[in-house]
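Chemist: no FASTA, just this:
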């Protein structure tokens with residue numbers, strides 16, 4: 001594969017990648033490991049570093065993205081027929097590492113959303129459910145470490161980190177919790193569908209798994225009932241379904257009185273709406 005032009009955007013560029021491993025993490029989650037020489041230049045600058053992943057449609061050998069259009073790639077991509085242009089979805093890099101042979105690989109965790117047969121799966125979930133080594137993808141990610149896609153930014157002096165995430169935000173939440181230094185207290189509520197979706201996390205934070213498939217309370221109900229540890233400067237990171245994130249932020253700022261500047265919130269998806277539609281509405285608003 002020929003290299004992708006480097007200077008596509010100020011802080012972001014395209015990177016070619018191929019699947020080198022696939023590992024199920026539970027009934028609802030699968031980890032896809034990508035490799036490729038260009039991945040060494042990915043500047044993953046944050047624990048919730050998001051990237052855009054471009055995937056081929058069934059029958060295509062690689063994703064169709066007009067990278068040759070340079071800064072105008074988005075407009076050129078949107079102009080392509082929907083059945084031809086690559087599927088684009090946003091994901092978090094769970095990990096980036098260099099192998100003993102010097103090559104770089106990255107992990108991306110996919111929520112399958114019914115790809116196993118229960119229905120409701122989108123094209124990215126279906127792709128991940130059937131991914132095999134050698135499958136090609138295109139990653140649009142950071143060329144510099146300090147970039148706008150990094151959201152987890154606790155202010156100086158933070159003495160408590162509070163986290164809520166559903167399964168779509170679990171990769172970012174896991175990386176955040178595992179990064180907390182020994183002197184930093186942390187509490188987290190992680191929402192998954194199935195008992196076996198729970199993951200071992202190397203963290204000293206207090207983690208409560210909300211297994212919705214066995215009747216656990218939702219994130220808002222669990223957090224409303226919780227007593228937070230005493231703290232002078234708490235910082236909150238919440239991410240997942242947009243409506244739930246909005247409800248949690250309203251509770252944390254409006255009812256608990258937390259400083260809104262110390263609450264980072266991100267809607268990773270919206271119930272009943274595809275990411276394509278969310279992007280289109282966002283672009284229209286801008």
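Modeler: Perfect, thanks for sending it. The structure presented is a predicted model; accordingly, all values stated were derived computationally and were not measured.
Chemist: where exactly do the helices run in this structure?
Modeler: 73-79, 123-129, 170-179, 219-224, 242-249, 275-285 (DSSP state H).
Chemist: Pipe those into JSON lines and attach mean pLDDT and mean neighbour count per row.
Modeler: In short, each C-beta sits where N, CA and C put it, glycine included. Converted to JSON lines, those look like this (pLDDT from 0 to 100; neighbours: other Cβ atoms under 10 Å):
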{"stretch": "helix 73-79", "mean pLDDT": "95", "mean neighbour count": "15"}
{"stretch": "helix 123-129", "mean pLDDT": "93", "mean neighbour count": "21"}
{"stretch": "helix 170-179", "mean pLDDT": "95", "mean neighbour count": "23"}
{"stretch": "helix 219-224", "mean pLDDT": "93", "mean neighbour count": "18"}
{"stretch": "helix 242-249", "mean pLDDT": "96", "mean neighbour count": "18"}
{"stretch": "helix 275-285", "mean pLDDT": "50", "mean neighbour count": "12"}
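Chemist: Can I get the ones you listed in CSV including distance to residue 14?
Modeler: CSV is the format used below for the helices of the chain (distance: least, Cβ to Cβ, whole Å):
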stretch, distance to residue 14
helix 73-79, 8
helix 123-129, 17
helix 170-179, 21
helix 219-224, 35
helix 242-249, 27
helix 275-285, 18
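Chemist: Ok, which of the ones you listed comes nearest residue 206?
Modeler: helix 170-179 (9.8 Å; Cβ to Cβ).
Chemist: domain parsing for the protein?
Modeler: The record assigns the chain these domain ranges, following automatic domain parsing: 12-147, 160-269.
Chemist: Can you give me the end-to-end span of the last one?
Modeler: In other words, domain 160-269. This stretch, domain 160-269, spans 27 Å end to end (Cα to Cα, to the nearest Å).
Chemist: what do you get for the first one?
Modeler: Counting by Cα to Cα, you get 8 Å between the two ends of domain 12-147.
Chemist: Repeat that for stretch 57-68.
Modeler: End residues of stretch 57-68 are separated by 20 Å (Cα to Cα).
Chemist: Quick check, pLDDT for residue 101.
Modeler: The model reports residue 101 with a pLDDT of 85.
Chemist: for residue 10, same thing?
Modeler: Reported pLDDT for residue 10: 61.
Chemist: Could you do residue 107 as well?
Modeler: Looking at residue 107, its pLDDT stands at 96.
Chemist: Beta-bridge partners for it, please?
Modeler: residue 33, residue 95 (DSSP bridges).
Chemist: thinking it is in contact with residue 30, fair?
Modeler: No: with contact defined as Cβ atoms under 8 Å, residue 107 and residue 30 do not form a contacting pair (10.7 Å).
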